[in-house]
Structures are given as structure tokens and as C-alpha cells.
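Engineer: Please work out how this folds:
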Amino acid sequence: MPPSPPPRRPAGEPDECPAESAGAAPGTEIALDVDAAAAGSRVDVFLARAFPGRSRSFLARAIEKGAVRVDGLAARAAVKLKAGSVVRFVVPEPPRAGPEAEEIPLEFLHLDDWLAVVNKPAGMVVHPAKGNWKGTLAGALKWHLERAGGGLSQAGGPTRPGIVHRLDRDTSGVIVVARTEEVHHALARQFERRTVEKTYLAITQGQPQFDRDEISLPIGIHPYQREKMAVRRDHATSREAVTRFEVVERFRAAALVRVTPKTGRTHQIRVHLAAVGCPVLCDGLYSGRTVIEPGFMGLPPDHPAAGGPLLARQALHAARLVLDHPVSGVRTEFAAELPADMQRTLAALRAGG
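Structural biologist: Here you go, the predicted model:
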């Protein structure tokens, strides 16, 4: 017997979530017909009307993750719909409750009544997600800030308290979080308008051709590896991405690079550096290596630095963040020193020539 087609429903029907009204489980595909009244609407607006029980941020994340297709093609939020089109929405997992407060040490670079700035260690996930419900920055922040008096903004949803922007799990460095909803929205506007200055330090495997350059390549979802992003032109998920870099120091087969992304796409720095032939060192997704041993740096077995792995995560560090304080308006800089594992790797590179 052929499988039943996904449930269909005109977009203009009653104000209840079609997935909920149909009792659809996560992973179920809901098909929505676009009628003449909905023609010209953006995909995100269309879904917000069809799923009034879901927040716009929830739907935006679903779109970003590829859960929405229009006439068979993955859709971006801004795509305009045509009468007669079919929007297919794969029901996401329901939102979970917020993270539990966890007593995890954090290095605060700044803390006041409106925001907190943390030097995030490598290996820490920013907020709870599938497979990473414990040990997150959000859980640690909840523990520290509840004891300091006050809490975190809930503007990003229950699983993302205070989270305005993200760093990948294995990227260390400066991250700012909001303590009130007003501050959350003010900071988000700065990121959206690209007035926040972000500076990263990366050790690359291989050397950039030029001492400084700008990489302008669109980034979208990888065609067959879901956990990766890729340079993709003229694809529904592709978005403009611009990264500037300058070489700080060159080694025999590596470089220390200062990077200033002008956009904020997922894995942007990692994808762009890999695209120009010098991926971030020890980046398991984009360089093919997950551990860097001293021998890789050309060090002899009896060298003092040759006692074990030098690096077991991508050599990428968010070194500096500059923004306007959302209450005082003062332009403020926050910086975090290069962590020990990257310093150790640089010392080995210098020793190895």
C-alpha cells in the first residue's frame, strides 16, 4: 500500500497550529497550499499565520535548519510565495524547558545589571540542543547570575536564555549575553546592523597566498553532510558571507591569522578559510584532522613540547568584541587572551621552524 500523503490545509483556515490540530508528531511533514490571498507573502510571515502557536524565532530556526520547502526546494525566510505553490513544513521537536542551573566555573570579562561578557572555553556548547542538554554556557550562566542577583533575558526562547549570538562548541573566546529583554533586542539590532566589531585569531593548516585579503563567497547548507556548511552559489539556502583576514605570523606549513568577519553565517570563518586552501588547524569538519601531534609540527621526539597532543580542537579563538553598551551608549571593547592550547601550538610551530 503506498504511503499516505502528508496532511494538507489551506493557509487561511482557523488560528490553530495545523501540526497540533492534526496531532502530528515531530518529523511529520505538513503541506500547506498557498492561495491567492497569501500570494506575495514571505515564507516566514506565511508560516507565522499558519502556525500561530509557534513563536517567530522558533519558525525562523526551523527555516534556517532546512525544515521548510517550497515546491520541493529549500526556502529562505524572505522567499516570496506564489499562488498555487505548496509549502511543506517538517514538524520540529517541541521546545524543551530552559537549561538547569549548573555550577560550572566561568571567566567573566564583564558583568553588570544589563549584560555579561564571558571568555567561553573550548568544548562548551553555548545553549542546550539535541545531544547537548548538560554542561552548556546557558546553564552555567543561570547558576552564576541567579546568585549574583537577577537573571537572563528570555527573548531568545526558553532554551536560549540571554543568548544573542553564538560561538561553535570548540571555538573559545568572547561572547556577550543579555540580562534583560530590552538589552537583548538592542544588542541583536547591533549584530543585525553589523556595527559590532568581531576579531578572531586562527591558526591555519597551510598558508594564505596573500598577507591580507577579503573572502566574499556565499555560504549555504552542505549538499550531503548535514552538520557542515559549504560555499554554494545560487542555492536557496545560500546567503552572502564576507570575511577579511590578515596574516600575523607565517610558519613552515601554517600561519597565525587575524580574522574579522563582516557577516555572521554559521561556520563562516571555517568555511571561508577552507575555501581558500588553508582550513583552521585541527578542524575535524573542514581540515580532516581532529588531533595535532608534535610530529605534525616537525618537532623531534625528544623536544620538550613533544610530550603529547598539542591540540584537540579547532584552533579558532574569538579574541575581541567591540559594541555600544546598550544602556550607556559607550563604545566598549572586550578581549580574551589566547588560550593555553593555542599558545602551546604556536610555540611548537616556532620551534619547528
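
Engineer: Can you name the element that comes right after the lowest-mean-pLDDT helix or strand in the chain?
Structural biologist: Taking mean pLDDT, DSSP states H and E as the measure, the chain has helix 18-21 as its least confident helix or strand, at a mean of 42. Remark: after helix 18-21, the chain's next helix or strand is strand 29-33, criterion DSSP states H and E.

Engineer: Quick check: buried residues in the following helix or strand past that next one?
Structural biologist: Per DSSP H and E, the first helix or strand lying C-terminal to strand 29-33 is helix 43-50. By 16 or more other CB atoms under 10 Å, the buried positions in helix 43-50 come out as 43-48, 50. (Glycine included, C-beta is placed from N, CA and C.)

Engineer: If we ignore the residues flanking it in sequence, what's nearest Arg232?
Structural biologist: Gly220 (3.7 Å; CB to CB, 6 or more residues apart in numbering).

Engineer: Phi and psi next, for that neighbour.
Structural biologist: phi -140, psi -180 (degrees, to the nearest 10).

Engineer: Go ahead and confirm it touches Ser238.
Structural biologist: Yes - at 3.7 Å, Gly220 counts as touching Ser238 under the criterion of CB atoms under 8 Å.

Engineer: Counting neighbours, go ahead and name the busier of these two.
Structural biologist: Using other CB atoms under 10 Å as the criterion, Gly220 and Ser238 rank with Gly220 on top: 23 against 20.

Engineer: measure the closest residue to Ala67 other than its chain neighbours to His222 for me?
Structural biologist: Closest residue to Ala67 apart from its sequence neighbours, by CB to CB, 6+ apart: Val90 at 4.5 Å. Taking CB to CB, to the nearest Å as the measure, Val90 falls 18 Å from His222.

Engineer: Please parse this structure into its domains.
Structural biologist: Using automatic domain parsing, the domains assigned to the chain come out as 8-90, 107-192, 197-351.

Engineer: Over to the last one now: how far is its first residue from its last?
Structural biologist: Distance between the two ends of domain 197-351: 33 Å, counting by CA to CA, to the nearest Å.

Engineer: Show me where the stretch 1-150 of the chain has its strands.
Structural biologist: 8-10, 29-33, 68-70, 73-74, 86-90, 107-111, 115-120 (DSSP state E, counting those that start in this stretch).

Engineer: residue ranges with poor pLDDT in this structure?
Structural biologist: Residues of the chain meeting the criterion pLDDT under 70: 1-24, 94-97, 131, 300-307, 353.

Engineer: if we go to 50?
Structural biologist: Regions of the chain meeting the criterion pLDDT under 50 cover residues 1-23.

Engineer: can you give me the helices for the stretch 151-300 of the chain?
Structural biologist: 181-192, 268-275 (DSSP state H, counting those that start in this stretch).

Engineer: is it possible to export these to CSV including distance to Ile63 and mean neighbour count?
Structural biologist: Below are the helices of the stretch 151-300 of the chain laid out as CSV (distance: least, CB to CB, whole Å; neighbours: other CB atoms under 10 Å):
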stretch, distance to Ile63, mean neighbour count
helix 181-192, 16, 17
helix 268-275, 18, 24
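
Engineer: Next, format those helices as JSON lines and append distance to Arg344.
Structural biologist: Shown next, in JSON lines, are the helices of the stretch 151-300 of the chain (distance: least, CB to CB, whole Å):
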{"stretch": "helix 181-192", "distance to Arg344": "32"}
{"stretch": "helix 268-275", "distance to Arg344": "21"}
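
Engineer: wait, which of those helices is closest to Ala83?
Structural biologist: helix 181-192 (31.1 Å; CB to CB).

Engineer: residues making contact with that closest one?
Structural biologist: 114-115, 153-156, 162, 164-165, 176, 178, 196, 264, 323-324, 326-327 (CB atoms under 8 Å, 6 or more residues apart in numbering).
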